[in-house]
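[1] I would like to see how this sequence folds:
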Amino acid sequence: MAKRISATKAKNNFGALLEDVAMLGRVDIVRHGRVVAVVLSPCHAPTASELREPSRPARPDPIPPNSEPPPPDEVRKILRDAFRKGSKR
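    Have a look, this model is predicted:
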């Protein structure tokens, strides 16, 4: 279990905070009953590889590469239809 101290105490006694972290490995800083920060010693901190999210598959590109834009008349029709659908709500 980590030691908990108030944010004010952490600010006013920063040296003591560092000593506690060195001895305990973790200190939670609390403001208004909620943990607002966690101070970890290097031996307890996760490595960069542990912090990385698992890789996700790439999303397919919604617009195919080298595709031609729709002709202006088609764009007008698409926008007109979308506006009409939106105004019926």
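[2] Can you list the neighbours in contact with the helix ranked longest in the chain?
    Identified as the longest helix of the chain according to DSSP state H is helix 72-87. For helix 72-87, contacts defined as C-beta atoms under 8 Å, 6 or more residues apart in numbering pick out 69-70. Heads up, the C-betas are built off the backbone N, CA and C, glycines and all.
[3] distance between it and the chain's centre?
    Helix 72-87 has its C-alpha centroid displaced from the chain centroid by 36 Å (C-alpha atoms, centre = their mean, to the nearest Å).
[4] average model confidence for that helix?
    Mean pLDDT, computed over helix 72-87, is 80.
[5] Find the least confident helix or strand in the protein, judged by mean pLDDT.
    Least confident helix or strand, the chain: helix 48-51 with a mean of 71, by mean pLDDT, DSSP states H and E.
[6] Which stretches in this structure count as strands?
    3-6, 26-31, 34-40 (DSSP state E).
[7] would you turn the ones you listed into JSON lines with mean pLDDT and distance to N12?
    Listed next are the strands of the chain as JSON lines, based on pLDDT from 0 to 100; distance: least, C-beta to C-beta, whole Å:
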{"stretch": "strand 3-6", "mean pLDDT": "95", "distance to N12": "9"}
{"stretch": "strand 26-31", "mean pLDDT": "94", "distance to N12": "12"}
{"stretch": "strand 34-40", "mean pLDDT": "93", "distance to N12": "15"}
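[8] Among the ones you listed, which comes closest to P70?
    Closest to P70 of the strands of the chain, according to C-beta to C-beta: strand 34-40, at 51.1 Å.
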